[in-house]
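Engineer: Here's my sequence, what's the structure:
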Amino acid sequence: MRNTASFKNEPYSRLRRAKNIFRDWFMNPYNLLVIASIIVLLFFVVVPLLEMVFTSFQVDVKDVSRIKKSAAGDWTLYYWKRLLNSVISKNMLYRPLCHSLLIACFVSFFSIVIGGILAWLLVRSDLPFKRFFSLAVIVPYMIPSWCESMAWISVFKTPNLGGSPGFFSFLGIVPPDWLAYGPVPIIFVLTVHYYAYAYLLIAASLKSINSELEEMGQMLGASKILILKKITFPLVMPSLLSSFILIFSKAMGTFAVPAYLGLKVSYYTISTMLYSAIKQQQTATAYGISLILIGIAAVIIYINQVIIGKRKSYATIGGKGNRSNVIPLNRSKIPVTVIVMLFLIAGVILPIMILLFQSVMLKLGNFGFSNLTLHYWFGKADPNIYYGTPGILRNPVFYSVLWNSLKLVIVASILATFLGQLVGYVISRGRHTRSGRLTEQLAFIPYLIPSIAFGAMYLSVFSVERSVMLFGHKVTVFPALYGTFTLLVIVTIIKNLPFSSRAGSANMMQIRTELEEAGKIKGAGFAARMMRIVFPLSKNGFISGFFLIFVAVMKELDLIVLLVSPKTQTLPYLTYYYMSGGMEQHANASAVLMFLIVFLSYWAANKIFGADITSSF
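Structural biologist: Predicted coordinates:
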């Protein structure tokens, strides 16, 4: 029987044990990193998202007169009824939504087919010139899709829709209007751009598959088609579905290409309608459209999880090493090589050459050599040419914008990659815990939000200072950051967090926990283990992740088009400004220079540091 003293001391002992457990939990650096990650993600992801949801149900000041018996800030279903069930619903939502779904489905299908075939040829076959092809096929990832649409217009533009004629019209061959504008060119241009995403994902998956699995099929007498169908295809199924989600979501939310190739023939998509609503200051309606896009993306992801089910993890790397023997193409080698080369010339090299050629045309529509000039590159100001705007390399405004772009790209890429490595560490080390899964889900949310809607969301949150009273003191929650470089950095980091965190997670999962445990046994603290073990071993992955974000940020337009100010303009925005103002030669010159910066930077990093964005994907 327990004595009275021990019975009386039992509550105190339980309290002390609870305090010790609580103290030990908070003294664990990993747990502090988890808390910090969740707080940052809640503040910069969930709160702005909730702000967008609440705004779609609140009466705007300018609509008080339209909504009877209401005041600004009251709860209302007016905007959702107007969007879903009114006389303008068809033109505002349903027709553009159908256009976007049509485009997204076709682009996803064609991109996966092209990207998958190229990935298999470059990873699994004995296709020649692999080093050249492996770099050439990812060039579309380095070119903004709207630059490719500029090249398409310069070739297929027809005089029927006004403006200078395109290349075929100059030769006397007038293309049909449906080939110049509308869904066909939008699907083609986006496919040529997004197949690179499918290639990167599928190639990374194929590299992890041991070729012995396919060799066993050959030994049993299976044909190449049967091996692809029964062995290779099931193993890369997760990558195929991931490619579909990535491309489908991006195609649904892209703005610039449908704007360039669709608006002239009144072919609206959900993204151009969203942009129009934001420009017309219909904020609540725009947020409603954004939430519909997010809902569609969520449904697609759910279907993906249902299809994969318990097979979402494949053991493709064993303890005996990972052999990757090539499959001979035999008599098909030469024709396949020619087809791949022609595709790359038509889809990759030709658009860049078109932009370069058009940047040296004195007058648009005249493709003769006598019309060539370097004025738009090096020319001095001439009042008779485009309002006296000098060539881009003589324009001080251009250098200021270029510096803004480089500064944004470098700062945002470094911070996004570093944050992605930390979040990836939390996800990889806690993938079997609730905290790790919660961190992963929070980091993935920005991916669901279209770039232009994400920018508008941050514009709403950071346009004015928001503060609360805490213990009698005014505490700023969201500072007024509109028009500042800081806002561009923050929105760029958070929007690219899904990519940087996934790259960081994949990087950290390659580092065995035994190495950290050995350091811990030797008495190394958490910070020492991170600095001396984890970060040095993840150096190559960090560099590859950095350039994954670097390329994405350098060409970003949709995300920042609503946030830039005259002092914070970037190169993509300046190119868009030139194009919108009819200064197409200046726009083409800026686009070519932007591509050269990205391509040469990645090429140098690949040669010097071994950077490989395929591994990050």
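Engineer: so the nearest residue to residue 101 once chain neighbours are set aside is in which element?
Structural biologist: The shortest distance from residue 101 to any non-neighbouring residue, by Cβ to Cβ, 6 or more residues apart in numbering, is to residue 252 (7.5 Å). Every residue, glycine included, has its C-beta placed from N, CA and C. Secondary structure from DSSP states H and E places residue 252 in helix 237-253.
Engineer: hang on, the earlier thing: what's the pLDDT at the residue nearest to residue 101?
Structural biologist: With respect to pLDDT, residue 252 scores 84.
Engineer: Just list the residues touching it, thanks.
Structural biologist: 100, 101, 103, 104, 270, 271, 293, 296, 297, 450 (Cβ atoms under 8 Å, 6 or more residues apart in numbering).
Engineer: Would you reformat those as JSON lines and include secondary structure, neighbour count and pLDDT?
Structural biologist: Shown next, in JSON lines, are those (DSSP: H, G, I helix; E, B strand; the rest coil; neighbours: other Cβ atoms under 10 Å; pLDDT from 0 to 100):
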{"residue": "100", "secondary structure": "helix", "neighbour count": "24", "pLDDT": "92"}
{"residue": "101", "secondary structure": "helix", "neighbour count": "16", "pLDDT": "92"}
{"residue": "103", "secondary structure": "helix", "neighbour count": "26", "pLDDT": "94"}
{"residue": "104", "secondary structure": "helix", "neighbour count": "25", "pLDDT": "92"}
{"residue": "270", "secondary structure": "helix", "neighbour count": "29", "pLDDT": "88"}
{"residue": "271", "secondary structure": "helix", "neighbour count": "30", "pLDDT": "85"}
{"residue": "293", "secondary structure": "helix", "neighbour count": "23", "pLDDT": "81"}
{"residue": "296", "secondary structure": "helix", "neighbour count": "20", "pLDDT": "82"}
{"residue": "297", "secondary structure": "helix", "neighbour count": "19", "pLDDT": "75"}
{"residue": "450", "secondary structure": "coil", "neighbour count": "25", "pLDDT": "73"}
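Engineer: Pull the most distant pair out of these.
Structural biologist: Largest separation among the contacts of residue 252 by Cβ to Cβ: 103 and 297, giving 15.0 Å.
Engineer: What lies in contact with stretch 102-122?
Structural biologist: Taking Cβ under 8 Å, 6+ apart as the rule, stretch 102-122 contacts 127, 130, 133-134, 137, 183, 186-187, 190-191, 194-203, 206, 228, 232, 236, 240, 243-244, 247-248, 251-252, 258, 269, 336, 340, 343.
Engineer: Now go through these and say which are in strands.
Structural biologist: Using DSSP state E, no member of the contacts of stretch 102-122 sits in strands.
Engineer: Point out the ones among those that are inside helices.
Structural biologist: 130, 133-134, 183, 186-187, 190-191, 194-203, 206, 240, 243-244, 247-248, 251-252, 258, 336, 340, 343 (DSSP state H).
Engineer: pLDDT below threshold where in the stretch 251-400 of the chain?
Structural biologist: Residue ranges of the stretch 251-400 of the chain with pLDDT under 70: 304-325.
Engineer: how much space between the nearest residue to residue 454 once chain neighbours are set aside and residue 282?
Structural biologist: Spatial nearest neighbour of residue 454, excluding adjacent residues (Cβ to Cβ, 6+ apart): residue 495 at 5.4 Å. For residue 495, the distance to residue 282 equals 23 Å [Cβ to Cβ, to the nearest Å].
Engineer: that older thread, let me know the closest of the contacts of residue 252 to residue 476.
Structural biologist: Nearest to residue 476, judged by Cβ to Cβ, of the contacts of residue 252 is residue 450 at 28.7 Å.
Engineer: Next, count neighbours for the nearest residue to residue 91 once chain neighbours are set aside.
Structural biologist: Leaving aside its sequence neighbours, residue 91 sits nearest to residue 268 (Cβ to Cβ, 6+ apart; 7.8 Å). Neighbourhood size, residue 268 [other Cβ atoms under 10 Å]: 21.
Engineer: Over to residue 387?
Structural biologist: 10.
Engineer: quick one: it from residue 581, how far?
Structural biologist: Relative to residue 581, residue 387 is positioned 9 Å away (Cβ to Cβ).
Engineer: Then residue 565?
Structural biologist: Distance from residue 565 to residue 581, by Cβ to Cβ: 18 Å.
Engineer: Residue 199 now?
Structural biologist: 35 Å.
Engineer: Settle it for me: which of those two has more neighbours?
Structural biologist: residue 199 (29 against 13).
Engineer: dump the residue contacts of that one.
Structural biologist: 114, 115, 116, 118, 119, 137, 138.
Engineer: How are the strands of the stretch 451-600 of the chain distributed by residue range?
Structural biologist: For the stretch 451-600 of the chain, strands defined by DSSP state E, counting those that start in this stretch occupy the ranges 466-470, 473-478.
Engineer: Just give the nearest non-adjacent residue to residue 192, would you?
Structural biologist: Using Cβ to Cβ, 6+ apart, the closest residue to residue 192 is residue 347 (4.5 Å).
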